[in-house]
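A.B. asks: Sequence and predicted structure, then a few things I'm wondering about:
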Amino acid sequence: MKVALLSFAHVHAATYIQLLRDRSDIELIVTDPDADPGDPTRGKALADELGVTYRAGYDEALAERPRAVIVTSENARHRTLVELAAAAGAHILCEKPLATTEDDARAMIDACERVGVSLMTAYPVRFHPAFAALRHTLSDGDLGPLLSVHGTNNSSPPALERPWFADPACAGGGAIMDHTLHIADLLDVLLDGEQPTHVHAVANSLLTSSTDGPEVESAGLLTLTYPRGLVATIDCSWSHPATHPTWGGLTLTCVGERALAEFDAFPPLLTGYDTAQAATRWEPAAIDLDAAMLESFLTAARTGQRAHPDGETGLRTLKTALAAYASLHTGQPATITAT
């Protein structure tokens, strides 16, 4: 099956390429025409380093009629590339957030539905076997009615690798846009698509304050209120220093009437001290969530089945992040209208 990857802007692009390039069932082509020609971390230079077939532009790549397309551009460019891929008849996996505005997300969903192709949002954490166990524990009633959920998604600032993450025009925001959505997706799964009615957000930019360009929030805390009275919080901060032993981490704590359950997406397998680097070393448990997500997407593309998490999921979770920005603007909880 032919697969095209469009743009290397996102930090996950190289990871997806490495997972796909050596598969005997995949013919991979890539393109990154928007890259700075002198940037060795993008464009043909990166494609050559990774040993994958490069095409000069999006039109050239899509002219080869790939059955599946992966969009890993800057967030604000997702709509353009998804619409191009849909017009070429490809099933699409789009990096999160699905878009930076609700209108763009809806247009992307509609474009895919018109031609009958799948639109999948890149939420790999839901494929974690420990999260599946948590979901079953909740559905089996072992926790009792769910009262509250606390989620954390913290990392080093991604702008250290890709500066556009700190450009609100390209990214749609800062840490809130970047790190709210994985937790929002897990909540979407646990609550069967139920959306919060209100979102209250507080944030600051103390961790990445700079005079070099637009300032985005680097630390945020969201409080979500649901119709049934459930309250959830999301810590979505870029709070890990560059010297931290891991890039990031994600946890979820679910409090029910009968019991409490905790989920850690990246628990340490081994901890210790690296004498060569004079730093703490942390070896995470070996579960490749990106590989699991890609396998689900490729299966859907082969069979023509609807891929999950789909575009509607991407839109619902995006609305949570957009409501958080509305709340920051007013200082009051923002209301979400159900999709």
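C.D. replies: Looks like it arrived, so ask away. Numbers count the residues shown, from 1 in each chain.
A.B. asks: so where do the helices sit in the stretch 1-150 of the chain?
C.D. replies: Secondary structure of the stretch 1-150 of the chain by DSSP state H, counting those that start in this stretch: the helices cover 13-20, 43-50, 58-62, 78-87, 102-115, 129-139.
A.B. asks: of all those, which lies closest to S156?
C.D. replies: Counting by CB to CB, S156 lies closest to helix 13-20 out of these; the figure is 15.8 Å. From N, CA and C alone the C-beta is placed, and that goes for glycine too.
A.B. asks: in the closest one, what counts as buried?
C.D. replies: Within helix 13-20, the residues scored as buried using 16 or more other CB atoms under 10 Å are 13-14, 16-17, 19-20.
A.B. asks: Report the next helix or strand after the helix or strand of the chain with the lowest mean pLDDT in sequence order.
C.D. replies: Using mean pLDDT, DSSP states H and E, the weakest-scoring helix or strand in the chain turns out to be strand 279-284, at a mean of 74. The helix or strand immediately downstream of strand 279-284 is helix 289-303, counting by DSSP states H and E.
A.B. asks: domains of the protein?
C.D. replies: Here the domain parsing of the chain from automatic domain parsing is 2-122, 125-335.
A.B. asks: what about the first one, start to end distance?
C.D. replies: End-to-end distance of domain 2-122 (CA to CA, to the nearest Å): 19 Å.
A.B. asks: model confidence over that domain, on average?
C.D. replies: Domain 2-122 comes out with an average pLDDT of 97.
A.B. asks: cool, and stretch 306-314?
C.D. replies: 97.
A.B. asks: Any idea how far apart the tips of it sit?
C.D. replies: Stretch 306-314 stretches 14 Å from its first residue to its last (CA to CA).
A.B. asks: hmm, who's touching it?
C.D. replies: For stretch 306-314, the external contacting residues (CB atoms under 8 Å, 6 or more residues apart in numbering) are 91, 93-94, 96-99, 105, 108-109, 112, 118-121, 123, 126, 185, 188, 193, 296-297, 300-301, 339.
A.B. asks: Mind checking which of the residues you listed are buried?
C.D. replies: 91, 93-94, 96-99, 105, 108-109, 112, 118-121, 123, 126, 185, 188, 296-297, 300-301.
A.B. asks: what's downstream of the helix or strand where H329 lies, the next helix or strand?
C.D. replies: H329 is part of helix 311-330, with elements assigned from DSSP H and E. Heading C-terminal from helix 311-330, the first helix or strand you meet, by DSSP H and E, is strand 334-335.
A.B. asks: Tell me the strands beside that next one, with direction?
C.D. replies: When pairing is defined by DSSP bridges, strand 334-335 lines up against strand 198-204 (antiparallel).
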